[in-house]
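J.: Starting from these lines, generate the structure:
(chains A and B)
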Amino acid sequence: EDQVTQSPEALRLQEGESSSLNCSYTVSGLRGLFWYRQDPGKGPEFLFTLYSAGEEKEKERLKATLTKKESFLHITAPKPEDSATYLCAVQAEGSARQLTFGSGTQLTVLP
Amino acid sequence: KAGVTQTPRYLIKTRGQQVTLSCSPISGHRSVSWYQQTPGQGLQFLFEYFSETQRNKGNFPGRFSGRQFSNSRSEMNVSTLELGDSALYLCASSLAVRGNYGYTFGSGTRLTVV
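T.: Numbers count the residues shown, from 1 in each chain, chains lettered A, B, ... in the order given. Just a heads-up that it's a prediction; the model follows:
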């Protein structure tokens, strides 16, 4: 059974204070690992897809990395508008394309 | 480019009733999936449709069903509603082709069962 564990559950940062979110996963064969951002009352917003160990992707203040067992979402010099819940999900190889999500990290960036 | 559209945004239903939720995927996306999101269980997979066929189903009772039409629009139905069915129901669509399996989510339908 595919499993995704995210840590920490909640994180409070001062504006400009860089940090990382962790996503540990267990999957029979990884097709892709996805990062989403979710604001209250809205659907998840796609950030990144990572397909193989060693891959890195960046978007503004966010950088996602992938190893064979975990992924990190690095946030550099965050701003209050980066406050949201960040969700990690894995998609296994095979015909089924469902995503297995972690419980998320609720990030609060204080001005 | 229009995103994934879900209607209605909010619903209040009474226990025992049934409900139908609608999802219009991004133009050209052939795969539509549904997820249930609750504070206690997080995001859980309900089912996936591709070319009008259900490809996969999550661990939910038979009261939860869905379908996909020839234009890729999808509906999900929940019969005999229970209080525990109160949740945010999210629809996501994907091109579902090699190299592009990522999903784009809609804003969801907030269902409250009273």
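
J.: in the chain, which segments are predicted with low confidence?
T.: Picked chain A for this. Residues of chain A that meet the criterion pLDDT under 70 lie in A:95.

J.: that's the wrong chain, I meant chain B
T.: Ranges of chain B meeting pLDDT under 70: B:1, B:97-101.

J.: Close to chain A: what parts of it are there?
T.: Counting by CB under 8 Å from any CB of the partner chain, the positions of chain B adjacent to chain A are B:4, B:6, B:31, B:33, B:35, B:42-45, B:48, B:55-56, B:58, B:90, B:92, B:94, B:96, B:101-108, B:110. Using the backbone N, CA and C atoms, a C-beta is placed for each residue, glycine as well.

J.: Buried members of those residues into ChimeraX, please.
T.: A single ChimeraX command selects the buried members of the residues of chain B next to chain A (16 or more other CB atoms under 10 Å in any protein chain shown):
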select /B:4,6,31,33,35,42,43,44,45,48,55,56,90,92,94,96,101,102,103,104,105,106,107,108,110
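
J.: Filter the residues of chain B next to chain A down to the ones in strands?
T.: Among these, the ones falling in strands (DSSP state E) are B:6, B:31, B:33, B:35, B:42-45, B:48, B:55-56, B:90, B:92, B:94, B:104-105, B:110.

J.: Is chain B within reach of the helix or strand harbouring A:Phe72?
T.: Using DSSP states H and E, the element containing A:Phe72 is strand A:70-75. No. Strand A:70-75 stays clear of chain B (CB under 8 Å from any CB), getting no nearer than 14.8 Å.

J.: Extract the CA atoms of that strand and return them as CSV.
T.: Coordinates of each C-alpha in strand A:70-75 appear next as CSV, following Å, rounded to 0.1, in the frame of the first residue of the first chain:
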residue,chain,number,x,y,z
GLU,A,70,11.7,11.4,0.3
SER,A,71,11.1,14.8,-1.2
PHE,A,72,11.8,18.2,0.2
LEU,A,73,10.2,21.5,-0.5
HIS,A,74,12.6,24.3,0.3
ILE,A,75,11.2,27.8,0.9
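
J.: Show residues contacting that strand.
T.: For strand A:70-75, the surrounding residues in contact (CB atoms under 8 Å, 6 or more residues apart in numbering or on different chains) are A:13, A:18-25, A:33, A:35, A:47, A:50, A:61-65, A:82, A:86, A:88, A:107.
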